[in-house]
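Asks: Would you be able to build a 3D model of this:
(3 chains)
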Amino acid sequence: MEKIICACGHENPFGTKLCEKCGRPLTEEEKNQKVLDMRYDGTAIRSKTRNKSIVDKIWNFFSSVKVGVSLIFINLVAASIGTIFPQEFFVNVATEAEREIYYEETYGSLGKLYYALGLSDVYSSWWFQILVGMLGISIIIASLDRGIPLHRSLKNQRVKRHESFMKRQRVVAEGSITEGDSSKTLDLVEEQMKKLKYNVRREGNAILAERGRFARYGPYINHVGLIVFLLGVMLRLLPGFYVDESMWVREGDIRAIPGMEGYFIENEKFILELHDNEKTEAQIQQGVNAVAKNYQTNVKLYKQPDDALPGQTDNLELVKEYSIRVNHPLQHEGYSLYQMDFRLNELKGMNFTLTNKETGEELGDVKVDLTNPQKEYVIDEQTKVDLLGYYPDFSGFKNGEPQTATSNPNNPAFIFKMTTPEKPDGEVSFVAIKQTIEPNGDNAYKMTFKSVETRNMSGLTVHKDKTIPILFVGGFIFMLGVAIGSYWNHRRIWVEQLQDGTIRLAAHANKNWFNIKKDLTAITEYAHLPQFIDQVEKENDEEGQKEKEGDNTL
Amino acid sequence: MNKKRNRSITRGVILVVLIAAIVYTVYSSATKDKVELLQVGDEAPNFELVDLYDSEIKHRLSDYEGKGIFLNFWGTWCEPCKKEMPAMSNQYAIYKDQGVEVLAVNIAQTEFEVKNFIEGLGVHFPVAIDETRDVMTEYNVDLLPATILINPEGEVEKIITGEMNEQQIASYMESIKPEQE
Amino acid sequence: MSLIDLSGNLLFVAFIAYLVGTLLFGGAIKSNKPDGAAKRADNWGKLAIIVTIIGFLAQLGYFITRWIHSGHAPVSNMFEFTTAFGMFIIGAFILIYYMYRLTALGLVALPIALLIIGYAAMFPRDVTPLVPSLQSYWLTIHVITAALGQAILAISAVAGLIYLLKAVDPKVKSRGRFWLEAVLYFIVLVVGFIVVTVIFRSMGYEAVFNYVDKNGAEQEIIYNMPAVFGMNDYVLLTDDVMEPIAEMPPVINAKKLTVVFWSFIAGSIIYLLIRLITRRRILAILHPLVPKINFNLLDEIGYRSVLIGFPVFSLGALVFAMIWAQEAWGRFWGWDPKEVWALITWLFYAAFLHLRLSKGWEGKKSAWLALIGFAIILFNLIVVNLVIAGLHSYA
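Replies: Predicted structure coming up:
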């Protein structure tokens, strides 16, 4: 791989477009251009310098901006595919088989295809992760390949540049000064540049004034931020970094918090508040009766003593009391508990009255606490009710025995044995909602259902995410880099006074040419420099002129 | 030439690290759902539960060191739990003297229901209620019935989810029976 | 006058001011005749920007009074958000105007803002109470920053549109001519939507239906336009109105489809009328109207607004969004459709910047990209909110 030796004697790496030292164009292409390509200040992009082993080939692939932009677009399309139908995690069905049916039933054959292709869970698919990962690699390698040479070149800038470099800049000026003493021109330029907050370097008869060089680092800084962010996202997969659990707690219950060892939560009260506004037009159109105002669970957080074992819950210590609301999670030691869901009015207690069927005489009330049913309820010496069976979610009989489908009191059923002075041997009755069975024939007494007590249930999620600080740092670096790269610009002005006292000037800005032209106007006036011209604009104006002529033929 | 080789090595290392990171990410997110907190060979987490009938008796796992523990999680609504219980009771009667303990842990139901159920079935083995679901959470029990076999060394020997027949129960108890001196 | 009435009046004043401003910007087009027209145009331009600023201040007044009245930043439903988006576009235009002093921008920016505000007014306008998840100061911070970012990005599309109106030759058949005409046709469709909504609203058209939603529950729905498409298992409850022609499956909201249908019909009629009366493409009508402008300047404005808008958008639509999501739901990212489309918008503008920096995509290519970017923003505003259901859906 040969070096390129410039006319000034400097050795440049292969692939360099503009001499690192004096700025002379080194390639035929550059020599033929009216205005030089200053993108990376003409340095050799590392990947373009050699192309040999397989490692280099892979490296060069990821270094290419074309590949990077393609990866951006591929990721963009892949991400959009996931929004065609709802993703699996938005679909409320439990099993895989149900999910398949859901997609087919709701979205027809397209939905079936969507599910079959795995598009219903795009974002956790292996290929989507690989695509994001490839974009990450591209960001890293492309930044390394461009950032390092650019940094070197900006650091080693020469003040004096070759004529061919100066003349091929976009904004140039050449000529003698318009008035005053030419020997003072450079001093005037320097003075004014400093006033405009430029860093000015002077070597003999040449000046390099530079401002906002750090803006060139903006893109590289934001890429670092993105990489830190992606790294944080990756770290979540390591054990211990991330907890995501959900739980239900009924009012009055204490539950162990999943994922948060040694901690327990008591649901004191769940509160649902509604807005008391008049129905809005949108509500009427959508048939919504009331809009929720607040979902809140008042909780007590407990901790086991340090030496306690799981299951030992007799001496829990109260850690804190808190009202968990949406947007106001309970936070403790890196864990957060969020209000996510609720169920209202689950049965908690049922009140019955022991009644004589014929006379309607009431012998007494029985209150069954469903969270702690008792074996017997004594009314007086001769009257009592025994509870022979309790089935919280009665689902029918099997072999003559009542069954319960779950442990939740959705459809409670009881077997009562009623002992009364009239029937001292007791009468058995099976009582369920809207159903009474008297297995031993016609009873004289019945348990008349009176009223219920209910309680609410809160759905909470438990989160711990140790990667948040990393993500935050990544996001911050990214924003910093983007802001630097977008809101500042790098401006350079080269001025050289030739032997005969005439001035040669060239200016470059990585963007926002209007700013640098304003600066140039100021210097031109102050130091009476020859008027500068924008070579690109001139070119386009010539083209524009042609078009205007075309217009006139209308 | 050296410089060139060094650069190639640097590039190679960077690429390998980056690609390894992606492979790891894809692999671990693909296997994420399958990783359970509790695995065979782990030390069984210690716990303590109060006996259903005698609040003075505390079933503490570490107190049973040297014995095989047949830890069964169940609920009254769970049909297979109910079916396997008589067999458990029978086999417990046989293996009790050979150093195997059974503990049937009910998931947060009321005392009335649990007693009613156990008495209705006429089975005999220690029962406890996990009121706060603490032990259940610790053992990462999801579906019932779940049985965890703990060997005399206090390690998880096997995790069984679903119904067991009497023959299986016998062989499981056999497998955690301590060596006779 | 109550605060909310005042607020509504201020919005109306703003609307009128933008309308007048558009005309004045039209008057500011420079002609080349050497009769002092240029100077007159300058005066028109000055007047136009003053009227625009008055309109902007009036709308700011609307925004603030509505905020005070409702107790939360008025960005919580489709009407409020879209109106605010229109206001931010005007704000971004004023910002860019004072950077480059290009009156031609107003000629496109103002009508676009007018259309957006007009579009917003077609949605229910009353103050909606906030559901718990929206009760956070992040609503204000996240939504306003995101909308501001989008508005600044929109200015690049404005510059791009002017660029293309001038650069695409309406007399030569080309792909550019076809697609640019398609863009203009789309704008006419939006006008069509506003026209049909206003017509049927002034007629007080109403048809009530019962239908079965996708969860199998019976629901009631009110159509404000003749139902072309009926909801799943619909039963018409109103007398003397049109029966739907076709019934839709439960996943498709037939009411919205009906609205799209009528907008399409009305917009197409308007478009055809324009074509028939003028016997020219809209592009051909607009092309000579666009003043002679320095292409470099337009290109620079387009690029600069992306540069200014991109960080604001990143901050509002991604960073703040993630912080809020972390606080409200305990996860900073949930792949909600709106989130995904914000990410897509962000990726797209990232690609825009890379193509420009490294591949030298300037001028026409850059202008087209700016238009596509704005299309993605509108897609996120309209389609994602109204069609794809998610946490962010407003209606």
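Asks: The helix ranked longest in chain B: which residues count as buried?
Replies: Looking across chain B with DSSP state H, the single longest helix is helix B:2-31. In terms of neighbour count (16 or more other C-beta atoms under 10 Å in any protein chain shown), helix B:2-31 has its buried residues at B:7-8, B:11-12, B:14-15, B:18, B:21-22, B:25-26, B:29. Any C-beta I mention is one placed from the backbone N, CA and C, and that applies to glycine too.
Asks: Could you do stretch B:136-152 as well?
Replies: Those would be B:136-139, B:141, B:144-152, for stretch B:136-152 by 16+ other C-beta under 10 Å.
Asks: Let me have those in a markdown table, adding pLDDT, secondary structure and distance to chain A as columns.
Replies: Shown next, in a markdown table, are the buried residues of stretch B:136-152 (pLDDT from 0 to 100; DSSP: H, G, I helix; E, B strand; the rest coil; distance: C-beta to the nearest C-beta, whole Å):
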| residue | pLDDT | secondary structure | distance to chain A |
| --- | --- | --- | --- |
| B:Met136 | 84 | helix | 8 |
| B:Thr137 | 81 | helix | 5 |
| B:Glu138 | 81 | helix | 4 |
| B:Tyr139 | 82 | coil | 9 |
| B:Val141 | 80 | coil | 11 |
| B:Leu144 | 79 | coil | 10 |
| B:Pro145 | 85 | coil | 14 |
| B:Ala146 | 86 | strand | 15 |
| B:Thr147 | 88 | strand | 18 |
| B:Ile148 | 87 | strand | 13 |
| B:Leu149 | 86 | strand | 18 |
| B:Ile150 | 87 | strand | 14 |
| B:Asn151 | 85 | coil | 19 |
| B:Pro152 | 85 | coil | 19 |
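Asks: most centrally placed residue in chain C?
Replies: C:Ile116 (3.9 Å; C-alpha atoms, centre = their mean).
Asks: Check whether that one really touches C:Phe88, as I assumed.
Replies: No: judged on C-beta atoms under 8 Å, C:Ile116 makes no contact with C:Phe88 at a distance of 9.8 Å.
Asks: Let me see the ranges of the helices in chain B.
Replies: Using DSSP H, helices in chain B cover B:2-31, B:79-95, B:111-121, B:134-138, B:166-175.
Asks: which stretches of the chain aren't confidently modelled?
Replies: Assuming you mean chain A. A:1-2, A:44-52, A:94, A:285-287, A:538-554 (pLDDT under 70).
Asks: not what I meant, chain C
Replies: C:1, C:30-38, C:388-395.
Asks: Just the strands from it, written as ranges.
Replies: C:207-212, C:218-223, C:229-230, C:235-236, C:246-247 (DSSP state E).
Asks: Quick one, which of those strands gets closest to chain A.
Replies: Chain A sits nearest to strand C:218-223 of all these, at 5.0 Å, using C-beta to the nearest C-beta.
Asks: Output the helices of chain B as a markdown table; include the columns distance to A:Arg168.
Replies: Output for the helices of chain B, formatted as a markdown table (distance: least, C-beta to C-beta, whole Å):
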| stretch | distance to A:Arg168 |
| --- | --- |
| helix B:2-31 | 31 |
| helix B:79-95 | 84 |
| helix B:111-121 | 90 |
| helix B:134-138 | 72 |
| helix B:166-175 | 85 |
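Asks: I'd like to know which of these lies nearest to chain C.
Replies: So among the helices of chain B, helix B:2-31 is nearest, using C-beta to the nearest C-beta, at 13.8 Å.
Asks: touching chain A at all, the closest one?
Replies: Yes: shown here: helix B:2-31 in contact with chain A (C-beta under 8 Å from any C-beta of the partner chain) through B:4, B:8, B:11-12, B:14-15, B:18-19, B:21-22, B:24-26, B:28-30.
Asks: other SSEs contacting that helix?
Replies: Counting contacts by 3 or more C-beta pairs under 8 Å, 6 or more residues apart in numbering or on different chains; DSSP states H and E, helix B:2-31 packs against helix A:54-63, helix A:126-155, helix A:218-235.
Asks: Quick check: longest helix in chain C by residues?
Replies: helix C:37-70.
Asks: Quick one: list the elements packing against that one.
Replies: Checking 3+ C-beta pairs under 8 Å, 6+ apart, helix C:37-70 ends up next to helix C:3-27, helix C:78-100, helix C:104-120.
Asks: Tell me how far the residue positioned nearest the centre of chain B lies from C:Ser70.
Replies: For chain B, the residue sitting closest to the mean C-alpha position, by C-alpha atoms, centre = their mean, is B:Ile148 at 3.4 Å. B:Ile148 sits 57 Å away from C:Ser70, going by C-beta to C-beta, to the nearest Å.
Asks: quick one: buried residues of the longest helix of chain C?
Replies: For helix C:37-70, by 16+ other C-beta under 10 Å, it's C:41, C:44-45, C:47-49, C:51-56, C:58-59, C:61-63, C:65-67, C:69-70.
Asks: thinking again about what came up before, for chain B, find the nearest of the helices and strands packed on helix C:37-70.
Replies: Here helix C:78-100 is closest among the helices and strands packed on helix C:37-70 (C-beta to the nearest C-beta), at 34.9 Å.
Asks: by contact count, what packs against that closest one?
Replies: Counting contacts by 3+ C-beta pairs under 8 Å, 6+ apart, helix C:78-100 packs against helix C:3-27, helix C:37-70, helix C:104-120, helix C:137-167, helix C:295-313, helix C:364-386.
Asks: among these, which is nearest C:Pro337?
Replies: C:Pro337 lies closest, by C-beta to C-beta, to one member of the helices and strands packed on helix C:78-100: helix C:364-386, at 5.3 Å.
Asks: From the chain's centroid, how far away is that closest one?
Replies: Averaged C-alpha coordinates place helix C:364-386 at 10 Å from its chain's average position (C-alpha atoms, centre = their mean, to the nearest Å).
Asks: swap in stretch B:97-106?
Replies: Relative to its chain's centre, stretch B:97-106 lies at 13 Å (C-alpha atoms, centre = their mean).
Asks: which of the residues in it are buried?
Replies: B:99-106.
Asks: In this structure C:Leu105 contacts C:Ser156, no?
Replies: No: between C:Leu105 and C:Ser156 there is no contact under C-beta under 8 Å: 10.7 Å.
Asks: what is in contact with these two at once?
Replies: C:Ile301 (C-beta atoms under 8 Å, 6 or more residues apart in numbering or on different chains).
Asks: quick one: which of those two has more around it?
Replies: A side-by-side neighbour count of C:Leu105 and C:Ser156, using other C-beta atoms under 10 Å in any protein chain shown, places C:Ser156 first with 30 against 24.
Asks: Is that one in contact with C:Ser305, as I believe?
Replies: Yes: using C-beta under 8 Å, C:Ser156 is in contact with C:Ser305, at 4.2 Å.
Asks: How about residues contacting the helix or strand A:Ile101 falls within?
Replies: Per DSSP states H and E, A:Ile101 falls inside helix A:96-116. With C-beta under 8 Å, 6+ apart as the test, helix A:96-116 has contacts from A:84-85, A:88, A:91, A:93, A:120, C:214, C:249-251.
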